[in-house]
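> Quick one: sequence plus predicted model below, questions after.
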Amino acid sequence: MTLTQAINYSKNDYNIRIYRAAWGNKLHGEPYMASWFQSSSSQDWLVRDGSRYVPTLDDQIATDWCIYDFMHNRHTDDGIIVAWHGEVQKIYNTDNILDTSAVLPDLPVVVPSLPGSTWSIKSSPADYPWSDIVYRNGMFVAVATSGENGYVMTSLDGDVWTLQPVLIGTGWSGITYGNGQFVAISSNTSNPNVMTSIDGLLWTARTGVSGFTKQRIAHGNGMFVTVSNSTTITNFVIQTSPDGILWTNRQSVPNDVVANALQGITFGGGLFVATRTNGILTSPNGIDWTVRSVPNGTWRGVAYGNGTYVAVGGSGAVMTSPDAVTWTLQQSPANNNWRSVTFGNGMFVAVAQTGTGNRIMTSPNGITWTLRQSPANNDWQSVTYGNGKFVAVANTGTGNRIMTSP
């Protein structure tokens with residue numbers, strides 16, 4: 001493949017950084033526009049995009065600029081290398097021969113912000129303990145465990161929020177969407193501890209199974225599934241419903257699961273995956289469950305994306321799995337209590353309850369994580385993705401219990 005032009009952009013850091021670039025032809029195909037995903041690759045490409053250069057590698061963008069020794073004249077066998085050190089520009093062809101005839105347009109290099117890298121506070125309509133958030137059907141909907149004037153807030157864009165005067169029950173701890181409706185569940189053991197809504201605005205009280213402290217809820221394969229953090233109800237830690245109205249206790253879990261309360265649940269890759277202390281449960285239908293052996297940890301949030309399951313928890317715990325069966329402990333960048341994780345726009349994003357200015361971390365693959373600056377040291381309970389942005393809610397803070405990215 002012949003590359004028509006090449007240019008490098010270096011940032012002053014530890015050493016010279018070498019880049020390669022091409023436009024007019026893609027390395028493995030036709031001309032294209034870059035899409036933004038992180039990559040662990042050791043080489044970055046810059047592609048001409050109108051009046052600028054943008055970094056990419058086979059439709060991917062690397063987490064950090066790559067560092068190479070300028071004296072080694074790093075090059076590859078499939079393109080032109082450009083090393084730019086201060087005011088000196090050197091271009092090498094595939095034979096590592098300095099090419100002094102190449103002409104490079106003087107265009108700026110634009111490095112787009114990675115998804116989830118920068119965050120801003122949005123005004124919350126009420127300082128209630130917001131516990132969970134979901135985006136579906138063109139609407140962000142969050143629920144709170146208490147509130148004098150309503151337990152639900154909604155937003156079309158994640159920026160401007162409206163408190164809804166929903167005063168059904170109390171203790172709303174989880175929300176999801178499925179079967180054409182939002183379904184919220186409560187940690188209260190008495191009814192009503194379920195409510196449903198078509199649009200997120202008008203809600204109807206439902207009768208769940210009493211004596212069940214519902215913690216989180218997910219929907220998949222035509223089934224709503226809730227998990228409980230109760231350790232007192234023998235084997236009743238999972239409930240299911242096909243419609244969000246009629247609920248059934250499930251007892252197909254061993255006693256030690258009850259002793260280690262369930263904390264989170266997601267659906268992805270054809271499986272429900274629930275978290276607990278030192279354990280993971282999986283089910284294809286929400287009814288038949290299998291306990292999985294995992295690294296020790298107080299596992300709480302769990303998400304699925306890009307063929308990978310990611311679970312996060314207390315004391316900086318992070319682990320991943322390709323199939324929800326075999327789990328591998330990963331290195332966390334901070335010893336925070338990570339409460340929730342989600343996936344969107346090619347990125348996993350986790351939020352924490354603890355930490356100082358660092359209660360957010362992101363990863364393209366669940367393995368390599370980068371800390372992000374959190375705009376407020378609130379107790380961040382839940383994060384979701386929708387309408388082109390990540391949105392998180394907290395149960396502490398003053399007028400600042402919502403943050404978004406970008």
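All right, it came through fine.
> now A317: how far from S363?
For A317, the distance to S363 equals 14 Å [Cβ to Cβ, to the nearest Å]. From N, CA and C alone the C-beta is placed, and that goes for glycine too.
> do Y304 as well
Computed as Cβ to Cβ, the Y304 to S363 distance reads 14 Å.
> quick one on the thing from earlier: higher neighbour count, A317 and S363?
Neighbour count, other Cβ atoms under 10 Å: between A317 and S363, S363 has more, with 24 against 21.
> and the gap between S173 and K214?
Relative to K214, and taking Cβ to Cβ, S173 is found at 6 Å.
> So for the nearest residue to P295 once chain neighbours are set aside, what pLDDT did the model give?
The spatially closest residue to P295, leaving aside those adjacent along the chain, is L329, at 4.3 Å (Cβ to Cβ, 6 or more residues apart in numbering). What the model reports as pLDDT for L329 is 97.
> How about A21?
Note on A21: pLDDT of 34.
> ok, now which ones touch V183?
Contacts for V183 (Cβ atoms under 8 Å, 6 or more residues apart in numbering) come out as 175-177, 194-196, 217, 219, 224, 241, 244.
> so can I have CSV of the residues you listed showing neighbour count?
Formatted as CSV, those follow (neighbours: other Cβ atoms under 10 Å):
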residue, neighbour count
I175, 25
T176, 25
Y177, 19
V194, 28
M195, 24
T196, 19
I217, 25
H219, 22
F224, 27
S241, 25
G244, 25
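> Which of those residues sits closest to G399?
Minimum distance to G399 across the contacts of V183 is 22.3 Å, recorded for I175 (Cβ to Cβ).
> sorry, back to before: adding secondary structure, distance to I287 and pLDDT as columns, could you present the contacts of V183 in TSV?
Formatted as TSV, the contacts of V183 follow (DSSP: H, G, I helix; E, B strand; the rest coil; distance: Cβ to Cβ, whole Å; pLDDT from 0 to 100):
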residue	secondary structure	distance to I287	pLDDT
I175	strand	22	98
T176	strand	17	98
Y177	strand	21	98
V194	strand	18	95
M195	strand	23	97
T196	strand	21	98
I217	strand	15	97
H219	strand	14	98
F224	strand	12	98
S241	strand	11	96
G244	coil	16	96
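> Now these in CSV, please, with extra columns for distance to W119.
What follows is the contacts of V183, written out as CSV (distance: Cβ to Cβ, whole Å):
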residue, distance to W119
I175, 22
T176, 24
Y177, 24
V194, 32
M195, 30
T196, 31
I217, 26
H219, 28
F224, 31
S241, 35
G244, 32
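> Mind picking the one among those residues that's closest to N378?
I175 (18.9 Å).
> Tell me what that closest one is bridged to.
When assigned by DSSP bridges, I175 has beta-bridge partners A184.
> Check T342 too.
On the basis of DSSP bridges, T342 is bridged to V349.
> just checking, it touches T384?
Yes. Counting by Cβ atoms under 8 Å, T384 is a contact partner of T342 at 5.3 Å.
> what do those two both touch?
Listed as contacting both T342 and T384 by Cβ under 8 Å, 6+ apart are F390.
> more crowded one of those two?
Higher neighbour count among T342 and T384: T342, with 28 against 25, using other Cβ under 10 Å.
> Can I get the helix or strand R300 falls within as CSV, trimmed to CA atoms?
Per DSSP states H and E: R300 is located in strand 299-305. What follows is strand 299-305, C-alpha atoms only, in CSV (Å, rounded to 0.1, in the frame of the first residue of the first chain):
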residue,chain,number,x,y,z
TRP,A,299,-18.4,-6.9,44.2
ARG,A,300,-21.1,-4.3,43.5
GLY,A,301,-21.5,-2.8,40.0
VAL,A,302,-21.4,-4.9,36.8
ALA,A,303,-21.7,-4.2,33.1
TYR,A,304,-21.3,-5.8,29.7
GLY,A,305,-19.8,-4.3,26.6
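> Give the rounded mean pLDDT of that strand.
pLDDT averaged over strand 299-305 gives 97.
> Just checking: what are the partner strands of it?
Using DSSP bridges, the strands paired with strand 299-305 are strand 308-313 (antiparallel).
> contacts for the next helix or strand after the partner strand?
For strand 308-313, the following helix or strand on the C-terminal side (DSSP H and E) is strand 318-321. With contact meaning Cβ under 8 Å, 6+ apart, strand 318-321 is reached by 294-295, 297, 299, 308-312, 327-332, 338, 350, 365-367, 369.
> Now the buried members of the residues you listed.
294, 297, 299, 308-312, 327, 330, 332, 338, 350, 365-366, 369 (16 or more other Cβ atoms under 10 Å).
> Just the closest of those to R276, please.
W299 (6.4 Å).
> Can you pull out the low-pLDDT segments for the stretch 51-200 of the chain?
The stretch 51-200 of the chain contains residues with pLDDT under 70 at 51-113.
> Please repeat the previous calculation with a cut-off of 90.
51-115, 188-191 (pLDDT under 90).
> would you list every one of the helices in the chain?
Ranges of helices within the chain are 255-259, based on DSSP state H.
> ok, now which ones touch P284?
Contact analysis of P284 by Cβ under 8 Å, 6+ apart lists 221, 270-272.
> And G388, by the same measure?
Per Cβ under 8 Å, 6+ apart, neighbours of G388: 345, 406.
> Now do it against N400, distance only.
G388 is 22 Å from N400, by Cβ to Cβ.
> Ok, A324 next?
Per Cβ to Cβ, A324 is found 35 Å from N400.
> Between those two, which has more neighbouring residues?
A324 (25 against 16).
> Would you mind pulling the contact partners of stretch 367-376?
40, 63, 116-121, 318, 320, 330-334, 350-352, 355, 357-363, 380, 394, 397, 400, 403, 405.
> Swap in 7 Å and give it another go.
40, 63, 116-117, 119-121, 318, 320, 330, 332-334, 357-363, 397, 400, 403 (Cβ atoms under 7 Å, 6 or more residues apart in numbering).
> Which among those residues count as buried?
By 16+ other Cβ under 10 Å, the contacts of stretch 367-376 give 63, 116-117, 119, 121, 318, 320, 330, 332-334, 358-363, 397, 400, 403 as buried.
> Fine by me, thanks again.
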